[in-house]
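Chemist: Fold the following for me, if possible:
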Amino acid sequence: MIILPNNLAATLNDSQVPHQLAHQIATYVAVFVVAFLLVAICRILITRLRHHKFKPRQLIYDGLIGACIILLAYLGGSYVYQQNMLGVKTAILKPVQQHERQVAAKKASSSTISRATIRKMVMRNAAKGFEKQGFVSIPSRNILLPIYNDAYSNAGLNLGADYANRSSQDPDGTKIPVMGQGNYGLAAHNFNDGVTGFSGLQQVINQNAPYISNGQLKGSSWLNGTSVLLANNKGLYQYEITGQDTVKNTDVSVLDPTKNAQLTIISCLFPSTQYRIITHADLKHTYTWKNAPQSVVSRFNLQVYNTNARVSWWNPGVEEGANGDQGGTK
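Modeler: Model prediction:
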């Protein structure tokens with residue numbers, strides 16, 4: 001028995017290769033072609049300005065050499081960025097995501113959309129064969145994902161987040177978890193990009209630390225105090241993160257029932273995908289759609305905020321947020 005099927009990380013790691021490779025090759029070809037054309041144009045302009053004789057062979061030679069140099073520079077920069085060497089990717093993403101939050105918050109503050117419409121968008125079932133549970137929002141991490149009912153299949157996980165309910169006491173997941181009650185388990189892919197799915201919950205992109213140190217499984221407090229919001233047809237639930245643990249993918253005890261209302265978020269660790277990052281949060285407030293603060297309700301305004309469930313190279317499709325069909329209103 002495992003917390004989530006190994007495909008949460010293993011197939012994302014292995015099966016992604018042909019998808020990601022094709023996407024990368026297409027990108028590299030495009031960069032090379034554009035670089036060649038730019039170098040060729042520059043060469044033509046310089047030749048004319050100097051009133052030199054035009055030589056097609058020299059033009060092609062210069063274009064190829066220049067394009068190769070530019071492509072190598074692009075490959076090097078892309079590798080450094082994707083591997084997050086020296087924290088480059090983390091440093092770049094931080095101001096970009098902060099700007100996105102500021103822009104969206106400004107739009108949300110001026111939006112006249114009703115709570116009834118936001119509630120309808122949240123509960124719209126956008127996936128055939130699955131049951132919509134609601135939405136999860138972690139504002140400070142730019143996370144906004146639909147919640148469906150199957151964390152144990154690729155199809156379910158590819159939709160965004162799903163409730164996870166297979167514990168040591170209920171290995172078959174017969175009991176459906178309830179938001180705001182007991183131990184509500186939630187899972188989504190970690191795409192190792194700091195953006196998609198629950199990737200933003202890993203402290204440093206593509207680095208095991210601080211979750212694994214000297215071969216020992218550790219935790220992290222970097223998100224402590226962070227608000228996590230859940231929404232369903234009945235109301236909205238505000239949780240607060242209390243810490244993160246690291247467990248093996250065979251540890252189902254984190255989903256065992258609890259007396260206190262808490263949230264257990266499960267995502268993979270990269271690059272050691274045989275481990276899971278467990279983010280714990282305690283319930284702080286429960287609201288109805290009518291009495292919830294506007295600041296809480298507006299976080300689920302899908303006409304304003306982008307969702308982050310999909311990437312082109314793995315699970316392409318239409319997002320449910322402002323960057324997609326806007327909760328079915330577009």
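Chemist: Give me the distance from the longest helix along the chain to the chain's centre.
Modeler: In the chain, assigned by DSSP state H, the helix with the most residues is helix 16-49. For helix 16-49, the separation from the chain centroid amounts to 29 Å (computed by C-alpha atoms, centre = their mean, to the nearest Å).
Chemist: quick one: the helices in the stretch 201-330 of the chain?
Modeler: 294-297 (DSSP state H, counting those that start in this stretch).
Chemist: quick one: the strands in it?
Modeler: Remark: strands assigned in the stretch 201-330 of the chain by DSSP state E, counting those that start in this stretch are 212-213, 216-217, 227-231, 235-248, 262-268, 275-288.
Chemist: give the contact list for the residue nearest to residue 198 when sequence neighbours are not counted.
Modeler: Leaving aside its sequence neighbours, residue 198 sits nearest to residue 267 (C-beta to C-beta, 6 or more residues apart in numbering; 3.8 Å). In this view, the C-beta of every residue, glycine as well, is placed from N, C-alpha and C. Taking C-beta atoms under 8 Å, 6 or more residues apart in numbering, we find residue 267 in contact with 187-190, 197-199, 201-202, 276-277, 279.
Chemist: Most neighbours among the residues you listed, which one is it?
Modeler: residue 188 (32 neighbours; other C-beta atoms under 10 Å).
Chemist: Remind me what the host helix or strand of residue 104 packs against, helices and strands.
Modeler: Taking DSSP states H and E as the criterion, residue 104 maps to helix 88-110. Packed against helix 88-110 by the contact rule (3 or more C-beta pairs under 8 Å, 6 or more residues apart in numbering; DSSP states H and E) you find helix 56-82.
Chemist: Now do the helix it packs on: which elements does it pack against?
Modeler: Packed next to helix 56-82, using 3+ C-beta pairs under 8 Å, 6+ apart, are helix 16-49, helix 88-110.
Chemist: now the shortest one against helix 56-82, angle please.
Modeler: Using axes from the mean of the first three to the mean of the last three C-alpha atoms, to 10 degrees, one finds that helix 88-110 and helix 56-82 are set 80 degrees apart in direction.
Chemist: what does helix 88-110 contact?
Modeler: 80-82, 84, 139-142, 194-195, 204-206, 298-299, 301, 304-306, 322.
Chemist: Tell me the buried residues in the helix or strand following that helix?
Modeler: Reading on from helix 88-110 to the C-terminus, the next helix or strand found by DSSP H and E is helix 115-123. Using 16 or more other C-beta atoms under 10 Å as the burial criterion, the residues of helix 115-123 that qualify are 115, 118-119, 121-123.
Chemist: show me where pLDDT drops low in this protein?
Modeler: For the chain, the stretches flagged by pLDDT under 70 are 1-21, 54.
Chemist: what's the burial count for residue 222?
Modeler: Using other C-beta under 10 Å, residue 222 has 14 neighbouring residues.
Chemist: For it, grab phi and psi.
Modeler: phi -70, psi -20 (degrees, to the nearest 10).
Chemist: Ends of stretch 178-186, what's the gap?
Modeler: 11 Å (C-alpha to C-alpha, to the nearest Å).
Chemist: hmm, back to that, beta-bridge partners for the residue nearest to residue 198, please?
Modeler: residue 277 (DSSP bridges).
Chemist: Please tell me how far it sits from residue 165.
Modeler: According to C-beta to C-beta, to the nearest Å, residue 267 stands 16 Å off from residue 165.
Chemist: Give the bridge partners for residue 238, please.
Modeler: Bridge pairing for residue 238 - DSSP bridges - gives residue 229, residue 285.
Chemist: give the contact list for it.
Modeler: 227-229, 283-287, 296.
Chemist: export the strands of the stretch 201-330 of the chain to a markdown table and tack on distance to residue 23?
Modeler: Shown next, in a markdown table, are the strands of the stretch 201-330 of the chain (distance: least, C-beta to C-beta, whole Å):
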| stretch | distance to residue 23 |
| --- | --- |
| strand 212-213 | 29 |
| strand 216-217 | 33 |
| strand 227-231 | 31 |
| strand 235-248 | 30 |
| strand 262-268 | 21 |
| strand 275-288 | 26 |
